[in-house]
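Novice: Got a sequence here, can you build the structure:
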Amino acid sequence: MNPEVLAVTDRIIERSRERRSAYLALIERERETGARRPQLGCANLAHAYAGTEEDRDTLRAGSGMNIGIVTAYNDMLSAHAVYYRYPELMKVWAREVGATAQVAGATPAMCDGVTQGYAGMELSLFSRDTIALATAVALSHGTFEGAALLGICDKIVPGLLMGALRFGHLPMVLIPGGPMPSGLPNKAKAAVREAYAEGKAGREELLDAEIQAYHGKGTCTFYGTANTNQMMMEVMGLHMPGAAFVNPGTKLRQELTRAAVHRLAGIGWRGDDYRPLGHCVDERAIVNAAVGLLATGGSTNHLLHVPAIARAAGIVIDWEDFDRLSRAVPLIARVYPNGAADVNAFEAAGGMPFVVRELLAAGLLHGDITTVSGDSLAVYAEKPVIVDEALSWQPVGDSGDTTILRPVGEAFSPDGGMRILAGNIGRACIKVSAVDRDRWVIEAPARVFHDQLDVLEAFKRGELEQDMVVVVRFQGPRANGMPELHKLTPPLGVLQNRGFKVALVTDGRMSGASGKVPCAIHCSPEALGQGAIGKIRDGDIIRVDALNGTLDALVDPAEWLARPLCDAPGAASGTGRELFAMFRGLADEAEKGASGMLAAAGL
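Specialist: I've put the predicted structure just below:
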């Protein structure tokens, strides 16, 4: 193993020792004395079985596993529309191996692409906690010996895991649906967006381009948060091997889902291959998630999600761990916005089996983790194929396109392309894998805003034609739910194209698809939490330095210390935002995962 990966893993194990021990004791207690079918009363069981007919006798006998399906299906979200008929198919496949399956419950699944730039985006991050709660409600009935989790997109996979890990005595498998076929190339889509921001393209031209890009069922094809989720489930061993990026509607996709149901039936506690979720998700699996994120240039949103998932399993990972790993883990994939290719091209070039093989061979992934498929991650270095109408796996070959995937020894960059910045403004993260190196350091006057829409209006009025650091504050979890500020990407990209030195500093988030503009995000403490970002004034010189890992206002130290914080704007209402006041009020800092639910639970 790489010594730095080992050192970070040991650091996490030591820091987590007390909480992890308590968690493992919890799930052992739940297995032995928690609610489960043999102990339920007859009326309770009758209620559980009343909605099924074909499986009632099997359920009554109690001889086979009953699989709880937690689904995030809706047909407004393209990635989840594929799940429409999954439960009825999964019930058939469960019967093939003497098991049964029931839909235990559903979770919300919002689309950040729909709410981006609008009030609904302020519900997005806390939809993750809502999904976790819904998952817990679904699994609370005590009638399941295992669970299949159907979810893909941004907050959904983290939320499913956060809820499911509190039932970590159960074996569980994550079941993806795959990416939509490629449409309009991502760079062409971005060019139309920038043209629209400049007034050089009309609304119909923009809408036509967007519909060509997002045109079918499946995940969006850029490497944002949704597809980063799928990568993480592979390196954590929670998928069937190679399942992440197989297109919907194919025989291979169907057979991988069928195999997941069969496998789940085989890893219950009654057999000799018991694989509870809480043992699969250990400190090594969490490190694997972080390493995979860095090696593939994945979404910055996971600097929130990985710590939150870890906390649900009694594990503590912080930004220093990510920073240390980033300096040890090379970037071996270039997928848009960190390159020109989409995830379908990534899959064709070798995909996750290639990534896993390369990182294992270099000692950068823990290979000895407990996965749903075995006791080694090595099986995830093989590619699923259909041979003679049957599913099998075969070794992955060399990269099919070295502009997309490279071996560790020929990496695109010697490090993972994420940095943690620290200075008198606070701590923040920055993703530089898609940023030209001559823009890793930006020093320019601040233009301060409290709303991203005000930035867009200032851009339209021509007020931003200069070198500057755009500061957008009161965007943290306590202020307004920490929305993504992806609508700022086109205008900031236009200004950068015009030759200006531009950067963004915010206590909010950027989309997992953020790219070429340097963005210091997740600034902590946030403005509403007495963070120094609340001291910045228009004209202050701000230095964003990804080379040296600093984020500073170049203001006289005595003046900076004495300067008061600005007044906070009032809480917004409408679009249901007022209903999430509890989540905002209890939320902790971004580095801990920005979860009011976990904070209130003392996790």
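Novice: Show me where the chain has its strands.
Specialist: For the chain, applying DSSP state E gives strands covering 66-71, 100-106, 146-150, 172-175, 382-387, 390-395, 418-423, 426-431, 441-449, 468-472, 502-506, 519-524, 541-545, 550-553.
Novice: Now render those strands as TSV, adding distance to Val329, mean pLDDT and mean neighbour count.
Specialist: Where C-beta positions appear, they are placed from N, C-alpha and C, glycine not excepted. Shown next, in TSV, are these (distance: least, Cβ to Cβ, whole Å; pLDDT from 0 to 100; neighbours: other Cβ atoms under 10 Å):
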stretch	distance to Val329	mean pLDDT	mean neighbour count
strand 66-71	32	98	25
strand 100-106	37	97	21
strand 146-150	27	98	26
strand 172-175	23	98	27
strand 382-387	22	98	16
strand 390-395	23	96	13
strand 418-423	10	94	23
strand 426-431	14	94	25
strand 441-449	22	98	18
strand 468-472	28	97	25
strand 502-506	25	96	27
strand 519-524	20	95	28
strand 541-545	21	98	21
strand 550-553	22	98	21
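Novice: Redo the ones you listed as a markdown table? Include distance to Glu14.
Specialist: A markdown table is the format used below for the strands of the chain (distance: least, Cβ to Cβ, whole Å):
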| stretch | distance to Glu14 |
| --- | --- |
| strand 66-71 | 33 |
| strand 100-106 | 36 |
| strand 146-150 | 30 |
| strand 172-175 | 27 |
| strand 382-387 | 34 |
| strand 390-395 | 36 |
| strand 418-423 | 20 |
| strand 426-431 | 22 |
| strand 441-449 | 35 |
| strand 468-472 | 37 |
| strand 502-506 | 33 |
| strand 519-524 | 23 |
| strand 541-545 | 31 |
| strand 550-553 | 28 |
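Novice: wait, doesn't Pro353 sit right on Val379?
Specialist: No. Counting by Cβ atoms under 8 Å, Pro353 stays clear of Val379, with 9.6 Å between them.
Novice: Of the two, give the one with the bigger neighbour count.
Specialist: Between Pro353 and Val379, counting by other Cβ atoms under 10 Å, Pro353 is the more crowded of the two (24 against 17).
Novice: I'd like to know which elements the worst-scoring helix or strand of the chain on mean pLDDT is packed against.
Specialist: The helix or strand of the chain with the lowest confidence, counting by mean pLDDT, DSSP states H and E, is helix 186-197 at a mean of 87. Helix 186-197 sits against helix 203-213, helix 489-497, with contacts defined as 3 or more Cβ pairs under 8 Å, 6 or more residues apart in numbering; DSSP states H and E.
Novice: In a markdown table, list those helices along with distance to Leu303, mean pLDDT and mean neighbour count.
Specialist: A markdown table is the format used below for the helices and strands packed on helix 186-197 (distance: least, Cβ to Cβ, whole Å; pLDDT from 0 to 100; neighbours: other Cβ under 10 Å):
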| stretch | distance to Leu303 | mean pLDDT | mean neighbour count |
| --- | --- | --- | --- |
| helix 203-213 | 26 | 91 | 14 |
| helix 489-497 | 18 | 92 | 21 |
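Novice: and Lys180, how far is that from Leu149?
Specialist: Just to correct that, residue 180 is Met rather than Lys. 21 Å (Cβ to Cβ, to the nearest Å).
Novice: Gly593 too?
Specialist: Gly593 is 19 Å from Leu149, by Cβ to Cβ.
Novice: which stretches of the stretch 51-200 of the chain form helices?
Specialist: Along the stretch 51-200 of the chain, the segments classed as helices by DSSP state H, counting those that start in this stretch run 56-61, 78-81, 86-95, 112-115, 124-139, 156-164, 186-197.
Novice: and what of the stretch 251-400 of the chain?
Specialist: 251-266, 277-280, 283-296, 302-312, 319-328, 343-349, 351-361.
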